[in-house]
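> Okay, here's the prediction I keep looking at, along with the sequence it came from:
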Amino acid sequence: MASREITEFKPDVTQPQCPSRAVLEHVTSRWGVLVLACLLERSYRFSELRRRIGGVSEKMLAQTLQTLERDGFVNRDAKPVIPPRVDYSLTPLGQEVAEQVWALTKWVENKLGNVLEARDTYDETHTAQAG
């Protein structure tokens, strides 16, 4: 759907065919969140970013960066030098969404104790009921 067609309807993420669902999935995916959070710090080369984001495979990082670049959140700057150098940074749109995702990330970190406590309570209650 071209951007000019967006004006023909009001985006609604709760509707199954709304394109905003895909964008939401990209920025809130496991690796999307971490890429955006890291790039909020500074620009990174691919290998630096991979080291910074523990556990991501080369393939998944490349796919995530490509998706975020396509959505207009990440800028890929390939320098014509030998060896090739590619830097990744946030676009202004990417900066905006990264700040939103970062706020959610910090909230999760700050409330992790509450979540773990709720899980323990849930597990104790449901284990007792099952037994």
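Good, I have the coordinates.
> Is Thr64 within a helix or a strand, and which one?
helix 58-70 (DSSP states H and E).
> what does the following helix or strand past that helix rub up against?
Per DSSP H and E, the first helix or strand lying C-terminal to helix 58-70 is strand 74-79. With contact meaning Cβ atoms under 8 Å, 6 or more residues apart in numbering, strand 74-79 is reached by 35, 39, 43, 65, 68-69, 84-91, 94. (C-beta placed from N, C-alpha, C; glycine too.)
> Paired strands for strand 74-79, with orientation please.
Paired with strand 74-79 in the same sheet, following DSSP bridges, are strand 85-90 (antiparallel).
> Go through the strand it pairs with and flag the buried ones.
87-88, 90 (16 or more other Cβ atoms under 10 Å).
> how far out from the middle of the chain is it?
16 Å (Cα atoms, centre = their mean, to the nearest Å).
> Export that strand to CSV, keeping only CA atoms.
Extracted in CSV, the C-alpha atoms of strand 85-90 (Å, rounded to 0.1, in the frame of the first residue of the first chain):
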residue,chain,number,x,y,z
ARG,A,85,32.7,-0.1,6.1
VAL,A,86,29.0,0.1,6.8
ASP,A,87,27.6,2.1,9.7
TYR,A,88,24.1,1.9,11.0
SER,A,89,22.3,4.8,12.7
LEU,A,90,18.8,6.0,13.4
